[in-house]
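Chemist: Pasted the sequence and its predicted model underneath.
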Amino acid sequence: MQREAAAIREAWLGRVLSTRPADRPAAEAAISGLYRLIGLPPPRFHWVSSPAKGLATVPPGTRAWETIDRLAEWPVPRRLSALATTLRHELDARTRPRQQPLDQIIRRTTFLPLQRSVTSTLIPALTAAHDSPVLRRVWYDTLYASWVAEYDALRRAAGAVFTDEQRRHLGLWTAATTSCGWWWPREDTCVVSERPVALHTEMWGENGEVRPHCADGPAVRYADGWDLHAWHGMAVPAWVIADPSVRRIADEPNVEVRRCAIEHMGWASYVDQARLRLVATAPDPGNPGCELQLHDMRGGTRVLLAVNGSVERDGHRRRYGLTVPAFDDPIAAAGWTYGLSAEHYSRLQRRT
């Protein structure tokens with residue numbers, strides 16, 4: 001059961017993160033079908049090359065209140081979201097009371113990994129174009145294919161039985177969430193984005209989750225040149241990937257961006273290029289065979305270099321740095337990062 005659910009998840013992940021050109025006929029047919037279900041005629045379609053273009057596009061005939069900053073007020077997204085919610089309630093009524101254990105397996109194996117993958121991979125690109133948590137709640141969450149995949153897995157792996165009408169509605173949502181990129185439904189016109197032409201990810205969770213990462217270029221790129229750089233799941237400025245330097249790191253106000261840039265440079269290279277003074281070293285009692293290094297930074301802080309206690313997916317242990325107060329003892333600094341005294345940290349058998 002779990003293996004079958006995982007296979008279904010992988011198939012859906014391939015569709016959700018596809019970089020092939022959108023299937024425009026399938027997308028338009030599905031979206032038109034959803035419009036009909038809420039009592040509206042099919043809209044005119046306006047295709048754009050990226051979410052950035054979609055958010056900036058105002059089709060001819062757009063009403064004054066149908067600007068993107070007022071998306072929460074648009075009636076069509078609200079009605080479509082309500083349509084999806086109603087369908088989910090109907091399907092839950094047919095499946096959940098009788099298949100609770102199976103539902104939990106599928107939710108853990110299919111729904112949650114897909115939800116996290118979309119959130120970490122496709123939402124950052126949307127956020128970079130238009131950062132609005134409110135908009136994500138009122139509309140974009142409806143376009144996550146994860147909820148459709150969950151019911152597909154319940155049907156295929158757990159034997160859930162849906163009516164013909166319910167299967168037809170699920171089919172419309174399947175095509176609408178997987179055959180194109182994001183879309184913005186106005187009353188008369190629907191703006192639809194193409195998929196990215198490049199998408200680089202890495203595995204990062206226990207159940208097949210992925211996140212954007214690329215060490216030598218954009219992690220997400222669209223045909224019009226709009227792109228997003230990411231380092232192990234975090235969206236970063238292009239310089240972090242293309243040209244990290246000590247000067248740029250020093251000028252960067254965001255501590256997480258600084259961390260990503262230093263990791264990309266490599267902590268050893270950064271320490272050398274920044275000419276950080278070595279304060280002290282000590283064997284790491286929480287990670288036998290590895291060394292703690294304490295370096296002095298400007299401004300009264302210090303950086304502790306340590307080796308991760310856990311092995312990465314590539315078989316190596318990552319070297320990382322943590323900013324700490326002005327300790328003179330590396331063991332005291334390491335203990336501080338765990339909320340422990342030097343004495344308690346020195347008694348650790350192994351950390352992870």
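Modeler: That came through, no problem. Residues are numbered from 1 along each chain as shown.
Chemist: and stretch 104-115, average pLDDT?
Modeler: Averaged across stretch 104-115, pLDDT comes to 90.
Chemist: distance between the ends of that stretch?
Modeler: 15 Å (C-alpha to C-alpha, to the nearest Å).
Chemist: What of stretch 183-200?
Modeler: End-to-end distance for stretch 183-200, by C-alpha to C-alpha: 22 Å.
Chemist: Would you mark the buried spots in it?
Modeler: Within stretch 183-200, the residues that qualify as buried are 183-197, 199-200, counting by 16 or more other C-beta atoms under 10 Å. Bear in mind the C-beta positions are built from the backbone N, C-alpha and C, glycine included.
Chemist: Stretch 13-28 too?
Modeler: 13, 16, 17, 18, 22, 23, 27, 28.
Chemist: Give me the contact list for that stretch.
Modeler: 42, 45, 47, 113-114, 117-118, 121-122, 145, 175-181, 183, 192, 194-199, 201, 208, 210 (C-beta atoms under 8 Å, 6 or more residues apart in numbering).
Chemist: what ranges do the strands span in the stretch 51-200 of the chain?
Modeler: 183-185, 189-193, 198-199 (DSSP state E, counting those that start in this stretch).
Chemist: Include distance to residue 297 when you put these into CSV, please.
Modeler: Shown next, in CSV, are the strands of the stretch 51-200 of the chain (distance: least, C-beta to C-beta, whole Å):
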stretch, distance to residue 297
strand 183-185, 46
strand 189-193, 43
strand 198-199, 36
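Chemist: closest to residue 248 out of the ones you listed?
Modeler: Minimum separation from residue 248 across these (C-beta to C-beta) falls at strand 198-199, 24.6 Å.
Chemist: other SSEs contacting the following helix or strand past that closest one?
Modeler: Sequence-wise, the next helix or strand downstream of strand 198-199 (DSSP states H and E) is strand 201-203. For strand 201-203, the packing partners by 3 or more C-beta pairs under 8 Å, 6 or more residues apart in numbering; DSSP states H and E come out as strand 210-212.
Chemist: For the strand it packs on, name the packing helices and strands.
Modeler: Using 3+ C-beta pairs under 8 Å, 6+ apart: strand 210-212 touches helix 112-121, strand 201-203, strand 227-231.
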